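J.: With the sequence up front, the predicted model follows.
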Amino acid sequence: MSPVTPGRRAGTGAARRLDRVLVAAVVVPALAVGGALLADSAVAPRPADQPPREADLDRATLVCPTATSDGRVVVASGTGARGEVGIGAEGDDLRLDRRAAGVADTDDVAVVTGTGALAPGLVALRTAGPGLRAVACPATRSDQWFTGVGAGAEHTSVLELTNPDAGPATVDVEVHGQSGPVEADGLRGVAVPGRGTVRLRLGAEVPQREELAIRVSTERGRVAAVVVDAFVPIGRGVPTKEYLPGQEEPGLSNVLLGLPDGGPQDGDERSVVLANGGDDVARVRLEVITAGSVFAPAELEEVTVDPGSVERIPVEGLLGSDAAEGALGLRVVSSRPVTATFRARSGADLLQSVPGGRVEGTTLLPVPAGAKTLLLADADGVGTVRVEARDADGERLRRRRYELAPEVGLSVPLPDGAALVEVRTDGLDLVGSVLVETGSGAAVLPLRPLVLTDLVPAVRPGLP
């Protein structure tokens, strides 16, 4: 038997103990990681980005532009709530009774703020003189179009930008003309101070004799925009001025309701101005909307609008023809999204009609005094519409139900004393406007859907 070397057995035991430690150090963490991976595989991973959720609107802001004279602001709640809203730069309170309107006489920019129950469905109207000038007070928007503006000696427009917040805002203005995009470096990065208003005279910024369209994009903060459009004929012509509201986005179908009574006289203008802000040519046709049908006149040929350009279509002959007798409005159908404005000039009056967006459910529109007609069209089905007219105190003047079908228009006379018009579509999706006519002028106010909710971003803890 060979002798045992001293210390050999002890060394072997230590090595075995070291091997066990190494195995435990390697295998146990691996098993733990594998178990964690198996456990996580049974749980659906949370997306990195979650869409914002819809919540009740708890604060609404509308901006009523300046008035030359006889300025008035009418405020109402589309949900019938009662309480006080802030109005004006000083934040004075204006009382709203249930289903009634509040009225303030002011020529200054008026920032209307509703909170709590008065935020959802808040609406406001600006009226001014001389004559009849009226526009729905807009909310702040990140992007919108104004089609048919001018920057020349006779046709000139002023873009009014108001920032309702304390912090500064920045706006970019993109200009398109009949010959294509217009260089306007001075309209890039326009600063609008907190709780301030900036007025840009397009004739000074981008002098042009042709028809223009502008796209107003808010790059920082919040801004409400309105255009004051004016025609100042050289010589003995009578100047005329009107508010031009914005169009939120281009569309394949633009409904322009509200045509002045009677055919055009010598010297009158009736036209449709189109803008194509896309990269492709747009083919456009005009259709006439009547109470009996919607049709494309045979004498009107299809029009093409080049990318980034503006076109003006005279329609004096069409609206003076027998085919257009009883016309309630025009529909612009295009192969590519465009924006559109109907413009009518007669003597000292300027009337402009723009698309207001599709309405479904209940909406409310404040209206000025005068002869008024509610015009509805482009319904997506057969159904009923309920119309209620109230005075400024909330007293009901008329409430009736009407039948409406696709491819026809509807004309509803309203009481002269109506200050609020409520329309309930009962499941229909449609387009509407109110045409107001007085001895001193006419105005068109499009129906717009009430803003009842807001989008709240999804917020959760991030990784350290």
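T.: Arrived safely.

J.: For Ala442, see how far away Ser433 is.
T.: The gap separating Ser433 from Ala442 is 12 Å, by Cβ to Cβ, to the nearest Å. (Glycine included, C-beta is placed from N, CA and C.)

J.: Work out the sheet partners of the host helix or strand of Val273 and label each with its direction, please.
T.: Val273 belongs to strand 269-276 when assigned by DSSP states H and E. Partners of strand 269-276 in the sheet, by DSSP bridges, are strand 309-314 (antiparallel), strand 329-346 (antiparallel).

J.: Any chance of the ones you listed in JSON lines with mean pLDDT and distance to Thr140 as columns?
T.: Shown next, in JSON lines, are those (pLDDT from 0 to 100; distance: least, Cβ to Cβ, whole Å):
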{"stretch": "strand 309-314", "mean pLDDT": "97", "distance to Thr140": "26"}
{"stretch": "strand 329-346", "mean pLDDT": "97", "distance to Thr140": "19"}
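
J.: which stretches of the chain have low pLDDT?
T.: Scanning the chain for pLDDT under 70 picks out 1-51, 89-91, 236, 263, 455-464.

J.: Give me the phi and psi for Leu319.
T.: The phi and psi values for Leu319, taken as degrees, to the nearest 10, are phi -70, psi -20.

J.: For the helix or strand where Ser411 lies, enumerate the helices and strands it packs against.
T.: In this structure, Ser411 is located in strand 410-414 according to DSSP H and E. Applying 3 or more Cβ pairs under 8 Å, 6 or more residues apart in numbering; DSSP states H and E, one finds that strand 410-414 makes contact with strand 371-377, strand 383-390, strand 396-404.

J.: Can you give me the buried ones in stretch 416-423?
T.: Residues Ala418, Ala419, Leu420, Val421, Glu422, Val423 are the ones in stretch 416-423 that count as buried (16 or more other Cβ atoms under 10 Å).

J.: What angle do strand 410-414 and whichever helix or strand the fifth one is part of make with each other?
T.: Right, the one you point to is Glu422. Here Glu422 sits within strand 420-438, counting by DSSP H and E. Orientation check (axes from the mean of the first three to the mean of the last three Cα atoms, to 10 degrees): strand 420-438 against strand 410-414 gives 90 degrees.

J.: for Asp229, what are its contacts?
T.: By Cβ atoms under 8 Å, 6 or more residues apart in numbering, the residues touching Asp229 are Gly148, Val149, Gly150, His155, Ser157, Lys241, Glu242, Tyr243, Leu244, Leu350, Gln352.

J.: Which of those residues sits closest to Thr79?
T.: For the contacts of Asp229, the residue nearest Thr79 by Cβ to Cβ is Tyr243; the value is 26.1 Å.

J.: so what's the closest one closest to, chain neighbours aside?
T.: Val135 (3.6 Å; Cβ to Cβ, 6 or more residues apart in numbering).

J.: looking at it, the one you found is touching Arg126, isn't it?
T.: Yes. With contacts counted by Cβ atoms under 8 Å, Val135 reaches Arg126, the gap being 5.4 Å.

J.: Mind listing the shared neighbours of the two?
T.: Common neighbours of Val135 and Arg126 (Cβ under 8 Å, 6+ apart) are Pro65, Tyr243.

J.: Do a quick rundown of the helices in the stretch 1-150 of the chain.
T.: 8-41 (DSSP state H, counting those that start in this stretch).

J.: how about the strands of it, start to end?
T.: Using DSSP state E, counting those that start in this stretch, the strands of the stretch 1-150 of the chain run over 53-56, 59-64, 69-77, 83-87, 92-96, 101-105, 110-115, 122-129, 133-136, 143-151.

J.: What strands flank the first one, and is each parallel or antiparallel?
T.: Using DSSP bridges, the strands paired with strand 53-56 are strand 453-456 (antiparallel).

J.: Any idea which residue is closest to the centre of this protein?
T.: Closest residue to the average C-alpha location of the chain: Glu248 at 3.8 Å, with Cα atoms, centre = their mean.

J.: for it, what are its contacts?
T.: Neighbouring residues of Glu248 by Cβ under 8 Å, 6+ apart: Arg141, Asp143, Gln144, Trp145, Gly357.
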